[in-house]
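Novice: Kindly generate the corresponding structure for this input.
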Amino acid sequence: MTLVAVGVSHHLAPVAVRERVHLDGPTVRSILRPLARHAGLCGLVCLSTCNRTEFYVSALDDERAGLAIERFRRYLVPGPEGQRLVHAARGGDALTHLFRVASGLDSMVLGESQILAQLKRAHRLAGEVRALDATLDLVMRRAVTTAKRVRTETGIGRRAVGIAQVAVEEAARRQDLRGSRVLVLGAGQVGSGAARLLQRAGAGTFWVVERGPRSRALGRALGGTVVARDALGALAGAVDVLVCATSQSAEAVGAEGVAALRAPGGRLLVLDLAVPRDVAPEARALAGVELVDLDDLGAAVRANLAARARSLPGADALIAAAVADAQAELEVRRAAPVIRRLVARTESLRRAELDRTLGRLEGVSESERAQWERCTRALAAKLIHPSIRYLRAHAADPARTAWAKEVLGLDHAEPG
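Specialist: Okay, the predicted model is just below:
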């Protein structure tokens with residue numbers, strides 16, 4: 001059995017290519033089994049995210065693995081461009097790649113955790129459509145286990161590098177967020193992410209500026225109030241934290257608007273997470289106002305990424321050990337069919353000889369026959385144990401396996 005990892009990712013393929021080959025869940029569900037049958041594969045898992053679309057494959061041998069790689073190249077990126085944009089690995093290299101992907105070491109943002117949940121969903125989906133074999137199922141489970149160990153035993157995911165998370169951590173350093181009153185302007189991924197993290201940090205009251213369906217949905221999710229843009233005057237002096245994360249090209253909040261939101265004698269923390277900036281830079285000079293923008297957060301992100309990078313050697317060492325363990329387990333499994341034939345042949349001979357012997361004896365009771373059964377079964381197990389141990393130890397050596405089969409008389413034996 002040969003393992004293969006083949007696909008496109010942010011390392012080689014531009015976003016236009018990644019968008020073109022991206023596969024949603026229903027599509028993956030519909031193509032996995034037909035693809036596996038067409039390519040003559042034993043098992044197939046597809047992981048498709050915004051930054052990668054990859055297939056993890058178990059093939060019967062190296063020849064079929066090579067054919068599968070070429071077929072997937074043509075499937076993903078037809079023509080000569082595929083040779084440049086589609087990456088492929090097999091055997092131990094494929095295992096290492098899969099384990100690094102699961103652990104967030106191959107991600108655009110080092111150590112990101114979302115990829116593990118995505119890989120688990122891909123594994124589960126392949127099982128649901130019966131596109132898994134025992135080998136690929138074992139490999140996927142080992143990848144998940146290894147990724148969890150990497151995250152708990154190294155510092156690869158301990159420092160925040162997402163803008164929303166870093167912003168809320170910075171906010172918590174600057175003031176106590178418990179019971180804070182928060183106004184959210186911009187309900188996209190960054191704005192909604194920051195708002196939810198603020199709620200987890202203890203913020204108590206939320207207003208979301210009405211900008212469309214997403215802002216209304218965020219207001220409901222937070223248990224907050226959706227307010228019209230021209231009704232912000234009603235919130236004068238009532239806001240502790242302002243989160244701005246729109247995608248508009250002009251400033252959304254001027255210095256006067258910021259000053260009006262701050263409670264008299266209180267403090268207002270402004271998190272401007274937009275590009276271009278939503279808040280007028282002059283707001284930084286206002287008394288009682290702290291303005292944090294992406295320039296301020298960039299240093300924290302870079303420092304956290306550097307800290308994660310220092311954990312990379314330890315994570316790679318852990319993965320190398322896990323790959324070696326998985327390969328050893330797979331080699332043992334290669335010997336399983338031959339071992340089954342040996343056990344079946346031994347049991348067949350044992351039964352035949354026992355029946356022949358007991359058939360010549362008169363008056364053998366059921367209890368005596370049971371004793372003979374136990375004795376001969378134990379003797380047979382002890383006799384073949386060294387052979388089983390040898391087959392497992394040399395499962396990766398075809399010459400030794402062939403020699404053992406010849407010596408044991410298994411070349412033409414039927415399995416049971």
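Novice: Please count neighbours and contacts with C-alpha atoms only from this point.
Specialist: Will do.
Novice: all strands in the chain, in order from the N-terminus.
Specialist: 2-9, 43-48, 52-59, 87-90, 181-185, 205-209, 225-227, 241-244, 268-272, 289-292 (DSSP state E).
Novice: show me the contacts for V139.
Specialist: Taking CA atoms under 8 Å, 6 or more residues apart in numbering, we find V139 in contact with L95, A326.
Novice: again, only using 7 Å
Specialist: By CA atoms under 7 Å, 6 or more residues apart in numbering, no residues touch V139.
Novice: Would you mind pulling the contact partners of stretch 110-119?
Specialist: L47, A102, S103, G104, L105, I156, G157.
Novice: for the residues you listed, which one is nearest A370?
Specialist: Proximity of the contacts of stretch 110-119 to A370 (CA to CA) peaks at A102, which lies at 52.1 Å.
Novice: Was I right to think that closest one contacts R149?
Specialist: No. Using CA atoms under 7 Å, A102 is not in contact with R149, being 10.9 Å away.
Novice: So for these two, which residue has more residues nearby?
Specialist: Between A102 and R149, counted using other CA atoms under 10 Å, the more crowded position is A102 (30 against 16).
Novice: burial of P78, as a residue count?
Specialist: Around P78 there are 12 residues (other CA under 10 Å).
Novice: Leaving out sequence neighbours, find the closest residue to E256.
Specialist: Of all residues beyond its chain neighbours, the one nearest E256 is A283 (7.9 Å), with distances taken as CA to CA, 6 or more residues apart in numbering.
Novice: And the helices in the stretch 1-150 of the chain?
Specialist: Under the criterion DSSP state H, counting those that start in this stretch, the stretch 1-150 of the chain contains helices at 15-21, 25-39, 62-76, 81-85, 92-102, 114-128, 134-153.
Novice: now the second one against strand 52-59, angle please.
Specialist: Our comparison of helix 25-39 with strand 52-59, counting by axes from the mean of the first three to the mean of the last three CA atoms, to 10 degrees, yields an angle of 40 degrees.
Novice: just checking, what packs against helix 25-39?
Specialist: strand 43-48 (3 or more CA pairs under 7 Å, 6 or more residues apart in numbering; DSSP states H and E).
Novice: Just checking: what are the partner strands of the strand it packs on?
Specialist: strand 52-59 (antiparallel) (DSSP bridges).
Novice: what angle do the partner strand and helix 114-128 make?
Specialist: Using the same axes, to 10 degrees: strand 52-59 against helix 114-128 is 40 degrees.
Novice: Report the distance from strand 52-59 to the chain centre.
Specialist: The chain centre lies 13 Å from the centre of strand 52-59; the measure is CA atoms, centre = their mean, to the nearest Å.
Novice: What lies in contact with that strand?
Specialist: So strand 52-59 is contacted by 1-10, 18, 21-22, 41-48, 65, 135-136 (CA under 7 Å, 6+ apart).
Novice: Please apply the same query to stretch 254-268.
Specialist: 235-241, 279-280, 282-283, 288-290.
Novice: Pull up the distance across that stretch, start to finish.
Specialist: End-to-end distance of stretch 254-268: 14 Å, with CA to CA, to the nearest Å as the criterion.
Novice: Mind giving me the PyMOL command for buried ones among the contacts of strand 52-59?
Specialist: Of the contacts of strand 52-59, the buried ones go into a single PyMOL selection, burial set by 16 or more other CA atoms under 10 Å:
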select buried, resi 1+2+3+4+5+6+7+8+9+10+18+21+22+41+42+43+44+45+46+47+48+65+135+136
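Novice: ok, the nearest residue to A194 once chain neighbours are set aside to G237 distance?
Specialist: Nearest residue to A194, sequence neighbours excluded (CA to CA, 6+ apart): A164, at 4.6 Å. A164 sits 25 Å away from G237, going by CA to CA.
Novice: Compare those two and say which is more crowded by neighbours.
Specialist: Taking neighbours as other CA under 10 Å, A164 and G237 compare with A164 leading, 24 against 18.
Novice: I'd guessed that one sits against S192; true?
Specialist: No. Assessed by CA under 7 Å, A164 is found out of contact with S192, at 8.6 Å.
Novice: Please tell me how far C375 sits from V364.
Specialist: For C375, the distance to V364 - CA to CA - is 15 Å.
Novice: burial measure for the residue lying closest to L185 once chain neighbours are set aside, as a count.
Specialist: Spatial nearest neighbour of L185, excluding adjacent residues (CA to CA, 6+ apart): C244 at 4.8 Å. By other CA under 10 Å, 25 other residues sit near C244.
Novice: distance of C244 from Q114?
Specialist: 24 Å.
Novice: residue contacts, the residue nearest to A194?
Specialist: V190, G193, A194.
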